[in-house]
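>>> only geometry, no sequence info:
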């Protein structure tokens, strides 16, 4: 599983961070950081929920 971020679509609302704070983080400038682009398969449900919560569809789970 791999997380893909479309930086041009991200508006830094932070829904992903609220659902998976150890994977996603908004930095001091409001830019989204993906700390773990290839999380363990055991975390799939959490990561998919965080990505699907993005109102701008800036995050995608591949694989």
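Thanks, I have the structure now. Everything numeric in this text was worked out from a predicted model, so none of it was measured. Numbers count the residues shown, from 1 in each chain.

>>> please enumerate the strands of the protein.
For the chain, the strands defined by DSSP state E cover 2-5, 24-26, 32-34, 59-62.

>>> direction included, what does the third one pair against?
Paired with strand 32-34 in the same sheet, following DSSP bridges, are strand 24-26 (antiparallel).

>>> now the strand it pairs with: how far from the chain's centre is it?
Its chain's average C-alpha position is 8 Å from that of strand 24-26, according to C-alpha atoms, centre = their mean, to the nearest Å.

>>> that strand: which residues count as buried?
24, 26 (16 or more other C-beta atoms under 10 Å). Placement of C-beta: from N, CA and C, glycine included.

>>> just checking, residue 15 touches residue 50?
Yes. Here residue 15 reaches residue 50: they are 7.3 Å apart, a contact under C-beta atoms under 8 Å.

>>> give me the more crowded residue out of these two.
residue 50 (22 against 17; other C-beta atoms under 10 Å).

>>> need the pLDDT of the more buried one.
With respect to pLDDT, residue 50 has a value of 98.
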